[in-house]
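Engineer: Structure, please.
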Amino acid sequence: MSARLAQIWRHPVKAHGRERVDMVTLGTGRALPWDRVWAVAHERSCFDPERLAWNPPGDFSRGASVPQLQQIECVSDPAHRTLTFHHPDRPALTIDPEDHGDGCSFIQWVMPISLGAKLLPSRFVRAPGESMTDTGYPSISLINLASHRALEGRIGRALSPLRWRGNLLIEGLAPWEEFDLVGRRLKLGAAELDVVEPITRCRMTEANPDTGQRDADTLGALRRGYGHQDFGVYARVTAGGAVAEGDTLEVLA
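Structural biologist: The predicted model follows:
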């Protein structure tokens, strides 16, 4: 196998924006730094501010019900602790995500995008020390770009790989080879990761990141072509270290 890390993406606010970075330092047992640190609890969320902890995806606003969220882009400034959001239908907004008033400003900013959702955004939240990944453990998602191209072939047109909202986009694997890596240990840059499980996908992947419209039956193509709705894999960081775009991916065991 001759594979390399092509792109690194993080999503500071779960389902609300994406940001490409060229390198990160992974921490043992941690999610990607500044990935899904914050989330938007909807009006029926069970997120408890008195008992801060990881909550399942259903407690938060997501692109599965609001496809226009796919259009949000985010620029983080860890040094100044700010996040700046961009959406074609909204003015740019910069907030301090730890400031309650700024969190309320973000809810007001995203509300017009979210109108029509069954559950509207209500609170900008976080649980210190936790990342609101879709798994009950701090996970990092790996996306095989060859699998993405194979699915493009079934659908019959080009698709943005950003639909998958992955962290580490890998080039050089065979199509669907990532599923063979489940249970294996990988070395990437100075870090090591254990591949845990496939990622079962939701309707957010049907939405075009440029237009915010559902324009591709990604789930149907997966079911018809492969008998499942899995795309990409989740991994745990077992040894922290710096990783950068271009780093080689190696199977250790």
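
Engineer: any idea how far P33 is from N55?
Structural biologist: With distances taken as CB to CB, to the nearest Å, P33 is found 20 Å from N55. Placement of C-beta: from N, CA and C, glycine included.

Engineer: For those two, indicate the residue with more neighbours.
Structural biologist: Neighbour count, other CB atoms under 10 Å: between P33 and N55, N55 has more, with 19 against 16.

Engineer: How is the protein divided into domains?
Structural biologist: What automatic domain parsing lists as the domains of the chain is 3-29+135-251, 38-126.

Engineer: remind me which residues of the stretch 1-150 of the chain are low pLDDT?
Structural biologist: Within the stretch 1-150 of the chain, the ranges that satisfy pLDDT under 70 run 1.

Engineer: Quick one: the helices in it, in order.
Structural biologist: Using DSSP state H, counting those that start in this stretch, the helices assigned to the stretch 1-150 of the chain run over residues 100-114, 145-155.

Engineer: Can you tell me which of these is nearest to A244?
Structural biologist: A244 sits nearest to helix 145-155 of all those, at 17.1 Å, using CB to CB.

Engineer: So which bits of the closest one are buried?
Structural biologist: By 16 or more other CB atoms under 10 Å, the buried positions in helix 145-155 come out as L145, A146, S147, H148, A150, L151, E152.

Engineer: Stretch 184-195 too?
Structural biologist: R185, L186, K187, L188, G189, A191, E192, L193, D194, V195.

Engineer: Take the residues you listed and write them to JSON lines, including pLDDT.
Structural biologist: Shown next, in JSON lines, are these (pLDDT from 0 to 100):
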{"residue": "R185", "pLDDT": "98"}
{"residue": "L186", "pLDDT": "98"}
{"residue": "K187", "pLDDT": "98"}
{"residue": "L188", "pLDDT": "98"}
{"residue": "G189", "pLDDT": "97"}
{"residue": "A191", "pLDDT": "98"}
{"residue": "E192", "pLDDT": "98"}
{"residue": "L193", "pLDDT": "98"}
{"residue": "D194", "pLDDT": "98"}
{"residue": "V195", "pLDDT": "98"}
